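**Student:** 3D, please:
(one chain, ligands or ions: 1)
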Amino acid sequence: MSRGEGDIASPLNSTGANERASNPAQPAVSSQPVPATPRTNAQPSRPNSAPSGPTGVTPGPARTTAPATRPSGPAQPPASRPAGPTRTPGPVRGTPRPNTRTGANPLVYKIRRVSALRRYCVPVTTVVLILASLAVIGILIKVVLDNYYFFCTKSFKFIPLDKWCDGTQDCSGNEDELRCVQRVDYSNNSIARLSESGSIVQLYGYGRWNYICSDGFDVARAKAVCAELGYSSNPTYSFVTRNDIIGPFSTILLGSNGIEVIPVTGTCSSGNVVSLSCITCGVNHDKQRIIGGQDTSIEHYPWQVSLQYMGSHICGGSILNRRIILSAAHCFQMSDQQVDRWRVQCGRSTLNYLFASEVDKIYIHTLYNLDLKPYDIAILKLKTDLTFSDSIQPVCLPGFDISLPDNAPLSVTGWGHTVEGGGNLASTLQKVAINLISRSVCNQEYYNQVLDTMMCAGRLSGGLDTCQGDSGGPLVYSGDTARWEQVGIVSWGDGCGRPLKVGIYTSVQAFLSWICGIMKAEL
Ligand code: ARG
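**Tutor:** Numbers count the residues shown, from 1 in each chain. Below is the predicted model:
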């Protein structure tokens with residue numbers, strides 16, 4: 001192969017080489033001199049391979065030996081090549097022979113094609129590679145910045161990540177402390193509560209809890225009471241005769257300051273009190289409880305959600321209304337306080353990080369303390385309303401006076417680890433059927449660390465329990481009804497599934513006023 005042919009065949013790795021290849025007037029770096037006369041485009045043979053004319057270097061003997069198929073003697077220049085004094089007649093290696101049939105020269109055509117390819121492909125590929133590299137570098141910089149720095153948009157500066165949501169202002173306008181987990185206690189915010197049996201309304205006024213007489217009660221009043229409880233959906237109500245209720249009683253006036261409680265002396269003139277339902281909740285298609293953890297589908301526990309921090313599942317949670325999610329305070333460790341990095345995945349049986357909802361606010365209990373977890377409760381407010389469906393439904397809150405039967409059958413769900421110390425989350429939502437364990441029995445094993453704001457559930461024989469990653473998830477009860485109420489929030493335990501070391505749950509009943517106070521404030 002001639003050097004020229006070799007040049008054509010071998011890929012070029014620089015634009016300059018490419019330009020040289022397509023412009024014979026600019027020779028590649030070579031020891032060969034430049035032909036004096038420029039060649040036409042139709043004759044793009046490289047100076048290196050072209051025979052020298054009178055002004056060029058005389059080829060050595062090897063070059064004068066033409067291939068057997070090539071006519072010896074003075075070579076006829078191709079039709080397109082202007083004959084001229086700079087052309088050397090004679091055998092030329094690498095000089096294409098004209099195609100006698102079409103007049104086209106295949107080698108010239110190939111050279112043109114290769115030249116065109118080089119002219120366009122190399123620059124385009126180079127640009128694409130540069131852009132791709134810039135994108136990769138950009139992503140890397142963003143990942144590094146996201147993991148180590150917070151950007152103050154107003155003061156246009158980066159601060160180390162541990163200064164974000166640390167309780168101290170580091171950016172102008174307190175920007176670094178605005179969207180963080182907040183400690184609140186709005187327990188005295190709501191003056192309404194519902195009983196477990198029959199959802200009978202009570203309102204606080206005159207230093208006592210009053211039943212509401214049906215006299216004069218209407219939709220507007222029902223809505224006002226539901227707003228007190230933190231629900232804005234269309235309520236349903238009924239009037240019931242309850243001989244077991246001895247009062248005190250009141251009626252409601254709707255004033256400019258909201259509900260006004262008017263005490264009633266004696267009993268209601270109608271003889272009826274108000275029963276209220278603020279939201280359709282706790283409805284699913286699963287009444288079975290199966291011994292042992294097993295795969296389940298979200299339609300059976302449509303209130304179950306996954307709380308995700310920077311794309312990782314951290315905890316479970318439950319839907320209370322279109323905007324409010326209930327979970328555990330310990331899910332929001334000191335390093336995970338940034339609200340905008342949290343997402344809530346609803347309506348899916350498997351963990352999926354693409355369709356999760358954005359979070360507007362996160363509240364934990366003011367008194368929450370990591371060591372003993374006596375106030376292990378949190379509420380998340382979503383940025384947008386959830387659309388309820390078969391796979392997205394709110395769970396019911398229990399009545400303020402709920403009293404679970406001994407050994408009550410309960411269900412708990414989550415994507416947490418399926419073995420203690422196991423590194424993997426469950427890919428499909430798991431459910432486990434367990435039972436209420438009395439606090440006194442539980443405290444024998446837990447050295448009285450189980451407080452009144454907590455409850456115990458599991459199997460004393462071990463094997464059925466929640467585990468890491470289930471925290472914040474709902475422990476639900478339905479008894480003989482078709483309505484599921486959340487009675488507990490997965491909180492802590494000694495290991496997972498160990499005999500006698502059952503799971504400890506935050507008692508929802510103990511925090512109803514904390515929950516409703518926030519729900520009311522966030523309506
Ligand atoms: N704290 C755990 C979590 O963050 C839940 C532990 C529950 N343990 C138990 N044995 N039930 O996910």
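
**Student:** contacting residues around Thr168?
**Tutor:** Shown in contact with Thr168 (CB atoms under 8 Å, 6 or more residues apart in numbering): Glu177. C-beta: built from backbone N, CA, C; applies to glycine.

**Student:** in what helix or strand does it lie?
**Tutor:** Counting by DSSP states H and E, there is no helix or strand that carries Thr168.

**Student:** Please work out how many residues are found near the nearest residue to Lys163 once chain neighbours are set aside.
**Tutor:** Leaving aside its sequence neighbours, Lys163 sits nearest to Asp170 (CB to CB, 6 or more residues apart in numbering; 4.6 Å). Asp170 has 17 neighbouring residues, counting by other CB atoms under 10 Å.

**Student:** Show me the beta-bridge partners of Ser411.
**Tutor:** Under the criterion DSSP bridges, Ser411 forms beta bridges with Ala433, Val476.

**Student:** wait, isn't it in contact with Val432?
**Tutor:** Yes: here Ser411 reaches Val432: they are 7.2 Å apart, a contact under CB atoms under 8 Å.

**Student:** between those two, who's got more neighbours?
**Tutor:** In terms of neighbours (other CB under 10 Å), Val432 is the more surrounded of Ser411 and Val432; the figures are 28 against 22.

**Student:** What residues does that one make contact with?
**Tutor:** Residues Gly292, Gly293, Gln294, Ser411, Val412, Thr413, Leu464, Asp465, Thr466 are the ones in contact with Val432 under the rule CB under 8 Å, 6+ apart.

**Student:** Now do the phi/psi pair for the last one.
**Tutor:** Translated: Thr466. Dihedral pair for Thr466: phi -100, psi 170, per degrees, to the nearest 10.

**Student:** Just the pLDDT for it.
**Tutor:** On pLDDT, Thr466 comes in at 95.

**Student:** now Ile159, nearest residue through space, not along the chain?
**Tutor:** Spatially, and ignoring its direct neighbours in sequence, Ile159 is nearest to Asp170 (4.7 Å; CB to CB, 6+ apart).

**Student:** Now the phi/psi pair for the one you found, please.
**Tutor:** phi -120, psi -20.

**Student:** With Pro409 instead?
**Tutor:** Per degrees, to the nearest 10, the backbone of Pro409 is at phi -70, psi 130.

**Student:** Near the ligand, which residues of the protein are found?
**Tutor:** Taking CB under 6 Å from any ligand atom as the contact definition, the chain meets the ligand at 416, 465-471, 490, 492-493, 496, 503.

**Student:** Present these as CSV; the columns should include neighbour count and secondary structure.
**Tutor:** Shown next, in CSV, are the residues of the chain next to the ligand (neighbours: other CB atoms under 10 Å; DSSP: H, G, I helix; E, B strand; the rest coil):
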residue, neighbour count, secondary structure
Gly416, 26, coil
Asp465, 24, coil
Thr466, 32, coil
Cys467, 25, coil
Gln468, 17, coil
Gly469, 23, coil
Asp470, 28, coil
Ser471, 28, coil
Val490, 31, strand
Trp492, 19, strand
Gly493, 24, coil
Cys496, 22, coil
Gly503, 28, strand
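
**Student:** ok now the helix or strand encompassing Phe239, how far from the chain's centre?
**Tutor:** Following DSSP H and E, one finds Phe239 within strand 236-240. Centre-to-centre, strand 236-240 and its host chain are 41 Å apart (CA atoms, centre = their mean, to the nearest Å).

**Student:** repeat for stretch 165-183
**Tutor:** 23 Å.

**Student:** likewise stretch 355-370?
**Tutor:** Averaging C-alpha positions (CA atoms, centre = their mean) puts stretch 355-370 16 Å from its chain's average.

**Student:** what does stretch 139-154 give?
**Tutor:** Stretch 139-154 has its C-alpha centroid displaced from the chain centroid by 18 Å (CA atoms, centre = their mean).

**Student:** who's in contact with it?
**Tutor:** For stretch 139-154, with CB under 8 Å, 6+ apart as the criterion, the contacting residues are 157-161, 163-164, 170-173, 175-176, 310, 338.

**Student:** Give me the buried subset of those.
**Tutor:** Ile159, Leu161, Lys163, Trp164, Asp170, Cys171, Glu175, Asp176, Gln338 (16 or more other CB atoms under 10 Å).

**Student:** For the fourth one, list the residues it contacts.
**Tutor:** Same thing as Trp164. For Trp164, the contacting residues are Phe150, Asp170, Asp176, Cys180, Gln337, Gln338, by CB under 8 Å, 6+ apart.

**Student:** mind listing what the last one touches?
**Tutor:** Read that as Gln338. Taking CB under 8 Å, 6+ apart as the test, what Gln338 contacts is Phe150, Trp164, Cys165, Arg179, Cys180.

**Student:** ok, the third one to Asp185 distance?
**Tutor:** What it means is Cys165. Separation of Cys165 from Asp185 (CB to CB, to the nearest Å) stands at 19 Å.

**Student:** now, among the residues of the chain next to the ligand, which is nearest to Ile200?
**Tutor:** Ile200 lies nearest to Val490 out of those, by CB to CB, at 29.9 Å.

**Student:** Please name the nearest non-neighbouring residue to the residue in the stretch 351-500 of the chain positioned nearest to the ligand.
**Tutor:** With CB to the nearest ligand atom, the shortest gap between the stretch 351-500 of the chain and the ligand falls at Gly493, namely 2.2 Å. Leaving out its chain neighbours, the residue that sits closest to Gly493 by CB to CB, 6+ apart is Gly503, at 4.5 Å.

**Student:** which residues pair with the one you found across the strands?
**Tutor:** Ala457.

**Student:** surely it meets Gly495?
**Tutor:** No: if you go by CB under 8 Å, Gly503 and Gly495 don't touch, sitting 10.3 Å apart.

**Student:** What backbone torsions are found at Asn407?
**Tutor:** Dihedral pair for Asn407: phi 60, psi 20, per degrees, to the nearest 10.

**Student:** how near is the spatially closest residue to it that is not a sequence neighbour to Thr265?
**Tutor:** Using CB to CB, 6+ apart and skipping the chain neighbours, the partner closest in space to Asn407 is Asn435 (5.0 Å). Computed as CB to CB, the Asn435 to Thr265 distance reads 46 Å.

**Student:** tell me the contacts of the residue of the stretch 51-200 of the chain found nearest the ligand?
**Tutor:** Here the stretch 51-200 of the chain gets closest to the ligand at one residue, Val181, 15.7 Å apart by CB to the nearest ligand atom. For Val181, the contacting residues are Cys165, Phe332, Gln337, Val339, Ile362, Tyr363, Ile364, Ala378, by CB under 8 Å, 6+ apart.

**Student:** excluding its backbone neighbours, what's nearest the second one?
**Tutor:** Across the structure, with CB to CB, 6+ apart as the measure, the residue nearest Phe332 apart from its sequence neighbours is Val181 (4.7 Å).
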